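J.: Here is the input, now give the coordinates:
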Amino acid sequence: MTINLARFVFCLTALVLALLYWQGLSGPFILDDMNNLKPLARMDNGTTIDAIVMNNHSGMLGRPVSMLSFALNYLYFGFDPFYFKLTNLIIHLLIGSIIFSLTQLIFGRTIYRKFNVEMALVVSIFWLIAPLFSSTVLYTVQRMAQLSALFLLLGCYFYCKGRLALAEGNARLYWQWLAATLFIAWPLGLLSKENAIVLPFLLLVIEIFFMPLEKGRYEKKVITITFAFITVFPAFFALLALALFPERFLNYSGMDFTITERLLSQTRILWDYVNMLLLPVSTNFGVYHDDVVKSVSLTQPFTTLIAVAGWVLFLVFAISTYKYASIRLLSGGLCFFLVGHSVESSIFPLELYFEHRNYLPAVGVFWSLVVAWVLIVEHWNIRPRVSYVSFGLYFLIFSIALFQRVKAWESWETLIYTSFEHHPNSPRLLTEAALLDIRGGRLEEAESKLHRSLELKPSGSAGVMVQRAYNHCLVRSAGINSTFIDTDSWMSLSAGAYSSTALNELNTLAIKSGCGDFDYPLFAQSMYEWVARLYQRNDLRQDSLLVSQLRNNWTFQLRIAEALVYTGAYDEAITLINYWESIGQKNVAMLLTKASAAISLNNRNYVDQIMSQLNELDGSPSHQFHEAQIAELKSLYNKTFLKINETALD
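T.: Numbering: from 1, shown residues only. Purely as a prediction, here's the structure:
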């Protein structure tokens with residue numbers, strides 16, 4: 001196949017892909033989309049774009065490259081979900097083109113160089129049209145995963161260009177391409193999402209499995225120096241950081257599993273990812289996967305032992321057959337997949353299962369797929385026409401599956417109900433479906449789903465309680481009883497179970513529309529008493545796990561404080577924030593809420609102290625981010641205390 005014909009087929013596939021995705025582009029923002037995007041509206045009130053971009057709290061580095069892309073979307077198109085998702089689709093197509101070029105370059109130096117164009121086309125097409133990625137393209141904030149993958153693959157491409165130059169004796173050009181990899185592509189990837197840290201190790205996989213074994217002496221020396229620098233030193237400092245700050249990186253407080261259970265579970269989940277990539281008729285697709293069964297031991301469930309054995313056998317196979325060029329390429333793809341998952345599917349305390357984690361690693365799976373097919377074609381001497389028909393049918397299956405998945409993303413309702421059909425035991429889907437039932441007037445069905453959610457995940461009771469309160473506020477019914485106000489029944493719950501998003505939505509609803517007969521002030525008071533009793537424990541300082549949970553889940557406590565301010569419980573709001581500050585640190589959002597409560601109490605001296613603390617944080621990204629709110633607070637301060645002075649003078 002000529003390169004021009006391959007490019008034409010790729011463009012045709014891109015057009016088909018755009019048509020398949022089009023119906024999903026009009027879907028709404030979902031889940032934590034607005035938590036990340038809502039601050040963009042502050043640019044309308046004078047907040048600078050750099051303050052927005054540099055003050056995102058996602059990840060350790062704030063992901064400013066991703067936030068910049070969101071900010072540009074907002075500046076040109078406002079909060080229209082269509083254009084945010086359209087941008088995601090364009091990025092998806094751009095990554096597909098990079099995969100085409102990278103695959104062509106990599107396989108152009110292997111024993112399959114005469115098929116490198118066809119292999120590049122097949123890999124890029126099936127990656128583009130994989131139904132598993134519908135939840136990445138159509139879930140707006142997963143652009144972070146997209147941009148990280150884009151720059152990682154671009155870095156791989158730069159490196160391969162440099163390796164080709166080095167093999168041809170042009171060391172100077174090699175170092176230039178390597179510099180572009182390490183100082184352009186890699187930083188941009190890291191500032192998009194932190195999982196880009198794996199780039200040096202992806203390059204190592206490419207070098208070991210896809211580059212020719214025969215190398216000149218100088219070439220070997222340069223490669224050895226390169227990887228000693230870009231893998232050994234980063235690995236050493238990463239291990240040192242884990243050893244010195246385990247609570248920061250390996251804090252499993254609030255998780256329903258241990259580090260051992262997570263590692264065991266991931267062995268099964270990784271095989272499930274491979275299955276969903278290659279056989280997209282799976283009913284396991286969904287927006288939530290919190291119903292996944294965790295592995296308690298090698299035999300519970302028994303499939304854990306099978307999964308572990310499978311990965312061990314693969315590694316033994318990869319090592320023992322390394323000398324065979326074709327098998328080495330087959331193994332290299334799966335090794336790329338494993339390294340791509342080495343951050344989000346390893347020791348770090350993240351949720352067990354997310355579809356978007358495969359966005360980059362899947363490239364390796366499709367590399368292995370195309371190599372396996374070429375091996376079959378060569379062994380059985382299969383005619384080209386049979387290959388074309390086979391891939392055509394495979395493409396049709398992928399297209400139908402993608403169409404069905406995209407259709408589910410047309411609205412929040414279709415997404416939840418479709419996912420619920422496949423995951424009836426997901427606590428999160430049960431609560432989301434319950435909310436939809438409430439809005440539809442199906443109150444008994446909603447209560448049944450919430451009850452089922454509590455049965456499945458008792459540790460999530462706090463979130464369910466907030467969801468129940470939201471439901472009752474929405475229909476303006478009384479509904480409050482001992483299950484809402486008995487704080488003793490909540491005392492054993494970990495802070496990690498709190499649902500700040502649900503409480504934020506409840507606060508917004510109560511302020512905007514009121515709650516009718518639902519006693520929202522009583523509910524806010526019950527939440528305050530619940531958390532206050534945790535702080536009042538005599539052994540709090542000795543319970544490092546609880547202290548860590550309370551410190552890290554500050555957003556939920558902030559939402560409680562906001563609810564207390566709204567309902568007039570100003571003293572309680574100040575007390576709660578002071579509790580948190582006693583174990584945490586000064587926080588602009590907390591200080592703003594505390595100042596608002598103090599102004600309502602006409603306590604000018606206390607407000608002055610808070611304003612002084614805010615001034616100490618002046619110049620910080622958080623202070624810049626809240627500039628509009630700080631300006632509003634100062635205006636309220638002047639109006640309130642000017643009025644007090646005039647009254648006093650009278």
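J.: For Ala573, which non-adjacent residue is spatially closest?
T.: In this structure, Ala573 finds its nearest non-sequential neighbour in Leu564, 3.9 Å apart by C-beta to C-beta, 6 or more residues apart in numbering. C-betas here are computed from N, CA, C, even on glycine.
J.: Point out the other helices and strands that the helix or strand harbouring that neighbour packs with.
T.: Assessed by DSSP states H and E, Leu564 sits inside helix 554-566. Packing partners of helix 554-566 (3 or more C-beta pairs under 8 Å, 6 or more residues apart in numbering; DSSP states H and E): helix 500-513, helix 520-535, helix 570-583, helix 588-600.
J.: Closest to the centroid, which residue in this protein?
T.: When C-alpha atoms, centre = their mean is applied to the chain, the residue found nearest the centroid is Gln142 (6.3 Å).
J.: before we move on, what SS does that residue have?
T.: Look at Gln142: counting by DSSP: H, G, I helix; E, B strand; the rest coil, its state is helix.
J.: Now do the contacts for Val117.
T.: Counting by C-beta atoms under 8 Å, 6 or more residues apart in numbering, Val117 touches Met1, Thr2, Ile3, Ala6, Gln104.
J.: so which of the helices and strands packed on helix 554-566 is the most packed in?
T.: Ranked by mean neighbour count, the helices and strands packed on helix 554-566 are led by helix 588-600 with a mean of 22 (mean count of other C-beta atoms under 10 Å).
J.: Tell me which other helices or strands the following helix or strand past it touches.
T.: The C-terminal neighbour of helix 588-600 among helices and strands, as given by DSSP H and E, is helix 604-616. If you count contacts as 3+ C-beta pairs under 8 Å, 6+ apart, helix 604-616 packs onto helix 588-600, helix 627-649.
J.: Quick one, which of the ones you listed gets closest to Ala71.
T.: helix 627-649 (15.3 Å; C-beta to C-beta).
J.: So which residues of the stretch 51-200 of the chain form helices?
T.: Using DSSP state H, counting those that start in this stretch, the helices of the stretch 51-200 of the chain run over 64-77, 81-107, 116-128, 134-137, 143-167, 171-180, 186-190, 199-210.
J.: can you list those in a markdown table and add mean pLDDT and distance to Thr258?
T.: Putting the helices of the stretch 51-200 of the chain into a markdown table (pLDDT from 0 to 100; distance: least, C-beta to C-beta, whole Å) gives the following:
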| stretch | mean pLDDT | distance to Thr258 |
| --- | --- | --- |
| helix 64-77 | 93 | 31 |
| helix 81-107 | 96 | 35 |
| helix 116-128 | 94 | 34 |
| helix 134-137 | 94 | 27 |
| helix 143-167 | 95 | 26 |
| helix 171-180 | 95 | 40 |
| helix 186-190 | 96 | 29 |
| helix 199-210 | 95 | 26 |
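J.: Arrange these in JSON lines, one row each, with distance to Ile269 as further columns.
T.: Compiled in JSON lines, the helices of the stretch 51-200 of the chain are given as follows (distance: least, C-beta to C-beta, whole Å):
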{"stretch": "helix 64-77", "distance to Ile269": "25"}
{"stretch": "helix 81-107", "distance to Ile269": "23"}
{"stretch": "helix 116-128", "distance to Ile269": "20"}
{"stretch": "helix 134-137", "distance to Ile269": "15"}
{"stretch": "helix 143-167", "distance to Ile269": "17"}
{"stretch": "helix 171-180", "distance to Ile269": "34"}
{"stretch": "helix 186-190", "distance to Ile269": "24"}
{"stretch": "helix 199-210", "distance to Ile269": "20"}
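J.: any chance of the helices and strands packed on helix 554-566 in JSON lines, with distance to Ala18 and mean pLDDT too?
T.: Compiled in JSON lines, the helices and strands packed on helix 554-566 are given as follows (distance: least, C-beta to C-beta, whole Å; pLDDT from 0 to 100):
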{"stretch": "helix 500-513", "distance to Ala18": "32", "mean pLDDT": "80"}
{"stretch": "helix 520-535", "distance to Ala18": "46", "mean pLDDT": "86"}
{"stretch": "helix 570-583", "distance to Ala18": "48", "mean pLDDT": "90"}
{"stretch": "helix 588-600", "distance to Ala18": "40", "mean pLDDT": "90"}
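J.: Could you say which one of those comes nearest to Leu305?
T.: helix 500-513 (37.1 Å).
J.: Show me what the closest one is packed up against.
T.: Applying 3+ C-beta pairs under 8 Å, 6+ apart, we find helix 500-513 packed against helix 461-474, helix 554-566.
J.: And those: which comes nearest Met54?
T.: Nearest to Met54, of the helices and strands packed on helix 500-513 and by C-beta to C-beta, is helix 554-566 at 19.2 Å.
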